[in-house]
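1. Generate a structure from the sequence data that follows.
(one chain, ligands or ions: 1)
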Amino acid sequence: MRKLDLSVQFAGIEMKNPVTTASGTFSARDSGQFYDIGRLGAVVTKGVASEPWAGNPTPRIGETYGGMLNAVGLQNPGADAFIADELAYLKQFSTPVIANVAGRTAEEYCLAVEKLSETDVAMLEINISCPNVKEGGIGFGTDPRMAAEITRAVKSVSKKPILVKLTPNVTDITEIAKAVEAEGADGISLINTLLGMKIDVQRKKPVLANIMGGFSGPAIKPVAVRMVYQVRRAVQIPIMGLGGIMTGEDAAEFIMAGADVISVGTAALVNPTAPVDILEELEAYMEEQGFKTIADIRQAFQG
Ligand SMILES: Cc1cc2nc3c(=O)[nH]c(=O)nc-3n(C[C@H](O)[C@H](O)[C@H](O)COP(=O)(O)O)c2cc1C
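-> Numbers count the residues shown, from 1 in each chain. Sure, this is the predicted structure:
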């Protein structure tokens, strides 16, 4: 029997398999204690801005049925410290690095992109979808005109392929996807978190100091699968699918919906080895189904 071949081409980068880590839920040094990072198709790092950001006040995390709320607010050490620390550490692993980029203005995104373009990251993921920051963030991701403007700006300064990460907090996700594709985005990742809220009825107060936060985890998966399916039919560029992936079969579901690669987020906060567990489960699913390649999974879908 021929061996499984999970390799994929994703927006110009070669990946040994389609499993990646979702931004904000992966730290190389933490994960490196639990598994060989080099087994993953790629890693997507925590959001980084041109300068350090303090993030939001605590409490910033809340648990919900089937998921969690976070309002970390893109706390990060800034691009220079990120390059010197996280990126330098990641060099030792044979896996492409996708750096996630945050900004409050087009200028801030461009500054970070310029700095990261000079490193050996394989690709940049532009987060225009964070629901927890006052300026920038989601504002760019909910308006096709602004999403296009940011994409155009970062494309003009980037030496690396650009993935644009979309927010699900919109009426028609395909409008935003088409707008960023038209400006030359090399790929799209979706979804970021859904805007959510939880109230502590004993304390009679919102659980998060920020009041609202990003809702992630298995409860959001049907929304994410639906959006990947819609966007796959609206654009030609590759898609990274994520949102509530907890198992190998969840990963296969996203591939059937139209994702080229997938990302594991909240699952890795629950169980640090989730990304490699999901990779192994995906392989087991392929064996069981008689699939040899990732394309076989997609082609088997009858929807
Ligand atoms: C604690 C936390 C921090 C996050 N930080 C970022 C971030 O910095 N940049 C980003 O684009 N997405 C960020 N996200 C969103 C995730 O990358 C992902 O899109 C979302 O959580 C949905 O996937 P999941 O349900 O598998 O977690 C964060 C999510 C969580 C839970």
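2. List the contacts of the lowest-mean-pLDDT helix or strand in the chain.
-> Within the chain, no helix or strand scores below helix 138-141, which has a mean of 76 by mean pLDDT, DSSP states H and E. For helix 138-141, the external contacting residues (Cβ atoms under 8 Å, 6 or more residues apart in numbering) are 128-131, 146-147, 149-150, 165-167, 169-170, 176, 192, 195. Placement of C-beta: from N, CA and C, glycine included.
3. mind running it again at 6 Å?
-> Residues outside helix 138-141 that contact it (Cβ atoms under 6 Å, 6 or more residues apart in numbering): Ile128, Ser129, Pro131, Met146, Ala147, Ile150, Leu166, Thr167.
4. is it anywhere near the ligand?
-> No. Against the ligand, helix 138-141 shows no contacts by Cβ under 6 Å from any ligand atom, the least distance being 10.0 Å.
5. could we number from 285 for the rest of this?
-> Okay, residue one is now 285; in that scheme the one you just asked about reads as helix 422-425.
6. can you count the residues close to the residue in the stretch 435-584 of the chain positioned nearest to the ligand?
-> Nearest residue of the stretch 435-584 of the chain to the ligand (Cβ to the nearest ligand atom) works out as Gly549 at 2.4 Å. As a burial measure, Gly549 scores 26 neighbours (other Cβ atoms under 10 Å).
7. quick one, what contacts Thr304?
-> With the criterion set at Cβ under 6 Å, 6+ apart, Thr304 makes contact with Gly325, Ala326, Val328, Val545, Ser547.
8. what bridges to it?
-> With DSSP bridges applied, Thr304 shows beta-bridge pairing to Ala326, Ser547.
9. After the least confident helix or strand of the chain, heading C-terminal, what element do we hit next?
-> Counting by DSSP states H and E, the next helix or strand C-terminal to helix 422-425 is helix 428-441.
10. right, is the helix or strand following that following helix up against the ligand?
-> Next along the chain after helix 428-441, taking DSSP H and E as the criterion, comes strand 446-449. Yes. Using Cβ under 6 Å from any ligand atom, strand 446-449 comes into contact with the ligand via Lys449.
11. Other residues contacting strand 446-449?
-> Applying Cβ under 6 Å, 6+ apart, the contact partners of strand 446-449 are 407-411, 413, 435, 438-439, 464, 469-473, 476.
12. for stretch 308-323, same thing?
-> Stretch 308-323 is contacted from outside by 327, 330, 370, 373-374, 377-379, 549, 552-553, 556-557, 560, using Cβ under 6 Å, 6+ apart.
13. If you average the pLDDT over that stretch, what comes out?
-> Averaging pLDDT along stretch 308-323 gives 95.
14. what do you get for stretch 531-541?
-> For stretch 531-541, the mean per-residue pLDDT is 98.
15. export it as CSV, just CAs?
-> C-alpha atoms of stretch 531-541 as CSV (Å, rounded to 0.1, in the frame of the first residue of the first chain):
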residue,chain,number,x,y,z
THR,A,531,-10.1,16.4,16.3
GLY,A,532,-8.7,15.0,13.1
GLU,A,533,-12.2,14.6,11.8
ASP,A,534,-12.9,18.3,12.5
ALA,A,535,-9.8,19.0,10.4
ALA,A,536,-11.1,16.8,7.6
GLU,A,537,-14.5,18.6,7.8
PHE,A,538,-12.7,22.0,7.1
ILE,A,539,-10.8,20.5,4.2
MET,A,540,-14.1,19.2,2.7
ALA,A,541,-15.6,22.7,3.1
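16. what residues does this structure put near the ligand?
-> Counting by Cβ under 6 Å from any ligand atom, the chain sits next to the ligand at 306-309, 330-331, 354, 356, 358, 384, 411, 449, 476-477, 498, 500-501, 504, 526-529, 549-550.
17. Counting neighbours, what do you get for Arg388?
-> Neighbour count for Arg388, taken as other Cβ under 10 Å: 18.
18. quick one: terminal-to-terminal distance for stretch 551-559?
-> With Cα to Cα, to the nearest Å as the measure, stretch 551-559 spans 8 Å from end to end.
19. quick one: that stretch to chain centroid distance?
-> Computed by Cα atoms, centre = their mean, to the nearest Å, the chain-centroid distance of stretch 551-559 equals 15 Å.
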